[in-house]
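1. Quick check, what structure comes out for this input:
(chains A and B)
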Amino acid sequence: MNPMKPWTRWAGLGLAVALAAGLWMHARWNRDEARLRRALADLTALVEKKAPESPLAAGGTADRIARQFAESGADLVIQGLPELASASRAELRSAVFQFRHGVERLSVSVRDVEVSVDPDRTRARMGFVVRASIDAAGGEESGVREVRMIWERGEDGWRIRRIEADEGLRRI
Amino acid sequence: MQLRGCSRAGKCVYTVGMKRASSWSRWIWGARPARTLVRAVVLGAVAAVVFSGPARPVRVVGESMAPTLASGTLRWANLWRYRSRAPRAGEVVLVRIGRGRIMYLKRVLAVPGETLAFDRGRLLINGAERPEPYVRHQGLWTSRAYTLEEGEFFVAGDNRAMPMEAHATGVADRRRIAGGVWGL
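-> Alright, predicted model coming up:
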């Protein structure tokens, strides 16, 4: 006679399935692709400006944004911004601060995120579409850009090494 | 045994040993659930194909195509239009950016082989002015002449009241042109 009751078998099976699902979710959460997607979401939240901010708060935000970039600096190839072709963290901090100071509201939404990590897991490419809406003294402007990013893994995690942003249309 | 109904001739039909489905279940699944399921699957597949290809709903955001397309309006796009032929000058097309969830709605102004330029708002194709009846405010757009190569299309919005720099306009590769808009 089998001493095991039927419900214990089902409970064991359920526990095993739950454990497998938990392990799978844990592995997914810690994958580089998932980390990079979360890093992008964090960066998007940092870039947004929903209300007026004090110079101190703006400086803090600019510093946190600049820290997302590689310590040695980053290449920025952004349509309409040739002066930031290559920038150190300090330059980025200053540029972000000045830009945010000049706008009253900045909303950003990111779509179509694609992430691919190189086999050696030290470099990753990311592509997405960003829609930005800026409310400044001159009025409201909005635009869409296709963005390509290169991230590098450093001692302090993934950091941005290069950003390219353009409209997807070549100007003549 | 349960009486299901009788004909005028007095012939009655009984259900033996079967439990009748509740009215809700019958309303949802019909008299023959298997057939209803097949119908639902076929309908879902047809809808998925139609709404992702020849009748994709698109919402217009922004004023770059005013007055032809107002911001906030809903239109139907045909993503199969340019499978068999290339876009023609004057057609309104969808230009894909990224993976295509966001697309530009623009008008094709010049096709491969044509030389395009703007001169104080006038569109010049191969040196001759091309009338643009869809443009309400001509604006003052000015550009250098550019000859489009194979697979290149020049696209722009109809709202020329906007400065050219503030307008997403330029050369789009053929592979980016995803489709057209019904009725335009």
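
2. which bits of chain A sit near chain B?
-> A:111-112, A:114, A:127-129, A:131, A:141-144, A:146, A:167-172 (CB under 8 Å from any CB of the partner chain). (Glycine included, C-beta is placed from N, CA and C.)

3. mind running it again at 7 Å?
-> A:111-112, A:127-129, A:131, A:142, A:144, A:146, A:167-172 (CB under 7 Å from any CB of the partner chain).

4. out of those residues, which are buried?
-> Among the residues of chain A next to chain B, the ones that count as buried by 16 or more other CB atoms under 10 Å in any protein chain shown are A:127, A:128, A:129, A:131, A:144, A:146, A:167, A:168, A:169, A:172.

5. Filter those residues down to just the ones in strands.
-> A:127, A:128, A:129, A:131, A:144, A:146 (DSSP state E).

6. On the pLDDT front, check the residue nearest the centre of chain A for me.
-> For chain A, the residue sitting closest to the mean C-alpha position, by CA atoms, centre = their mean, is residue A:40 at 1.1 Å. Residue A:40 is assigned 96 on the pLDDT scale.

7. Touching, it and residue A:113? I think so.
-> Yes. If you go by CB atoms under 7 Å, residue A:40 and residue A:113 touch, sitting 6.5 Å apart.

8. Run a quick neighbour tally on the closest residue to residue B:92 other than its chain neighbours.
-> In this structure, residue B:92 finds its nearest non-sequential neighbour in residue B:184, 4.1 Å apart by CB to CB, 6 or more residues apart in numbering or on different chains. Look at residue B:184: counted by other CB atoms under 10 Å in any protein chain shown, it has 16 neighbours.

9. Residue B:184 contacts residue B:94, doesn't it?
-> No. The pair residue B:184 and residue B:94 does not pass the contact test of CB under 7 Å, sitting 10.8 Å apart.

10. Touching both of residue A:40 and residue A:113, which residues are there?
-> Counting by CB atoms under 7 Å, 6 or more residues apart in numbering or on different chains, the shared contacts of residue A:40 and residue A:113 are residue A:126.

11. Residue A:96: helix or strand, and which one exactly?
-> Using DSSP states H and E, residue A:96 sits in helix A:89-102.
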